[in-house]
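Novice: test case, fold it:
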Amino acid sequence: MSKAIPTVQKFMSVAPHTIGVEQTLATAQRLMREHTIRHLPVLQGNRLVGLITERDIQLVETLKDVDPTAVTVEDAMVTNVYSVSPEAQLDEVVGELALHKYGSAVVMQNDKVVGIFTTVDACKALANLLQTRLSH
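Specialist: Predicted coordinates for the structure are as follows:
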């Protein structure tokens, strides 16, 4: 008898840090450093409008004459955000992350950001599944 495939909710980071579109790249960078994270869902009001990553910020900062205290998150974020529900099956989400080389999936419930599932969370899930399901 096989076990049910777990959902993303079991392994996601809950209540992730977010940032507003009008905030600066310097603010985003500080938040990421303080909380040791690499992804920030971007909100306009309470609505998800984008995602900014540590890599996005580093790329923008390599451009000539860019002042991270003047450039907003909106100018550097991606708007095609991969989002899933907390009930999404782990295998489907991990498959999409791998297929599209996404670094994360924003977890949404009732149009609100409730979590984030990153490649680090996927590695933790793999380790957990290997230990609990394959060690017998």
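
Novice: so how far is stretch 28-36 off the chain centroid?
Specialist: 14 Å (CA atoms, centre = their mean, to the nearest Å).

Novice: so, low pLDDT: which residues of the chain?
Specialist: Counting by pLDDT under 70, the ranges of the chain that qualify are 1-2, 134-136.

Novice: what segments of it are helices?
Specialist: Ranges of helices in the chain, per DSSP state H, are 25-35, 54-61, 73-76, 90-100, 119-133.

Novice: deepest of those, which one?
Specialist: Mean neighbour count, computed with mean count of other CB atoms under 10 Å, is highest for helix 73-76 among the helices of the chain, reaching a mean of 19. The way it works is simple: take the backbone N, C-alpha and C, and place the C-beta from them, glycine included.

Novice: which residues touch the spatially most central residue of the chain?
Specialist: What sits nearest the mean C-alpha location of the chain, by CA atoms, centre = their mean, is Ser104, with 3.9 Å. The contact partners of Ser104, by CB atoms under 8 Å, 6 or more residues apart in numbering, come to His39, Leu51, Thr53, Tyr82, Leu97, Ile116, Phe117, Thr118, Thr119.

Novice: any chance of the helices of the chain in CSV, plus distance to Gly45?
Specialist: What follows is the helices of the chain, written out as CSV (distance: least, CB to CB, whole Å):
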stretch, distance to Gly45
helix 25-35, 17
helix 54-61, 22
helix 73-76, 13
helix 90-100, 26
helix 119-133, 27
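
Novice: if I look at the residue nearest to the centre of the chain, how far off is Lys3?
Specialist: To Lys3, Ser104 is 26 Å away according to CB to CB, to the nearest Å.

Novice: now Asp67
Specialist: Taken as CB to CB, the span from Asp67 to Lys3 is 52 Å.

Novice: swap in Gln58?
Specialist: Going from Gln58 to Lys3 by CB to CB gives 40 Å.

Novice: and what of Leu90?
Specialist: Applying CB to CB to Leu90 and Lys3 gives a distance of 12 Å.
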